[in-house]
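Trainee: Fold the following, please.
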Amino acid sequence: MVDLARLPARDEQGNVRVVIESPRGALVKIKYDTALGTMTVSRPLPLGLSYPYDWGFVPGTRAPDTDPVDALVYWDVPTFPGVVIPCRLIGVVRLEQDSKSNGRVRNDRILAVPVKHPRGDDVKRPQDLPARVRDEIAQFFLSAIFFEPKNPQLLGWGGPDEADLLVDGSRR
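Mentor: Numbering: from 1, shown residues only. I've put the predicted structure just below:
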């Protein structure tokens, strides 16, 4: 069986791989458990929240919070946990939170569009999204962990180059 977390971060064409954990519309946070080699339920989202887009991680990476780099896949369909989607990066949501041990840690999230998604061809950077959509995505990230002891703070948005640097700088 393939360990999804150990796949290379990029495919042969240089596209970033995103492993889906929680599909669009999910009411629970699903997390890949490397020890079990399967998806497990992490926690329910707060009442009234669901994932606005497919949510997952970039395999073969380790972010400053020690988890793989988080990724939100911007498109208009849901997939399933465990699906691997080749994507291009359009931006990063900069986020800081309390660490599990002590102090603060960055927990940035990349925003990606599937390579095979013609309706997303015109989206190249965060500014190509309506301001309301950007605000709602950022608010979702804050609201989804509202009841967790993380004390999140939004630090703004970065473009595709910053997202590429985050992925490539986090590769194991």
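Trainee: What are the buried residues along the longest helix along the chain?
Mentor: The single longest helix within the chain, with elements called by DSSP state H, is helix 131-144. By neighbour count with 16 or more other C-beta atoms under 10 Å, helix 131-144 contains the buried residues 134, 137-138, 140-141, 144. For glycine as for every other residue, the C-beta is placed from the backbone atoms N, C-alpha and C.
Trainee: other SSEs contacting that helix?
Mentor: strand 84-98, strand 153-158 (3 or more C-beta pairs under 8 Å, 6 or more residues apart in numbering; DSSP states H and E).
Trainee: Which of the ones you listed has the highest mean neighbour count?
Mentor: Comparing the helices and strands packed on helix 131-144 by mean neighbour count (mean count of other C-beta atoms under 10 Å), strand 84-98 ranks first with a mean of 21.
Trainee: Give me the contact list for the very next helix or strand once past that one.
Mentor: Counting by DSSP states H and E, the next helix or strand C-terminal to strand 84-98 is strand 104-106. With C-beta atoms under 8 Å, 6 or more residues apart in numbering as the test, strand 104-106 has contacts from 63-65, 94-99.
Trainee: Apply 6 Å and report the result again.
Mentor: For strand 104-106, the external contacting residues (C-beta atoms under 6 Å, 6 or more residues apart in numbering) are 64-65, 96, 99.
Trainee: Drop anything exposed from those residues.
Mentor: Burial by neighbour count, 16+ other C-beta under 10 Å: within the contacts of strand 104-106 this picks out 65, 96.
Trainee: so the residue nearest the centre of the chain bridges to which residues?
Mentor: Centroid-nearest residue in the chain, with C-alpha atoms, centre = their mean: Ala71, separated by 1.6 Å. When assigned by DSSP bridges, Ala71 has beta-bridge partners Gly56, Ile110.
Trainee: and Ala35, which of the helices and strands packed on helix 131-144 is closest to it?
Mentor: strand 84-98 (19.9 Å; C-beta to C-beta).
Trainee: Find the residue ranges of this structure scoring beneath the pLDDT cut-off.
Mentor: 1 (pLDDT under 70).
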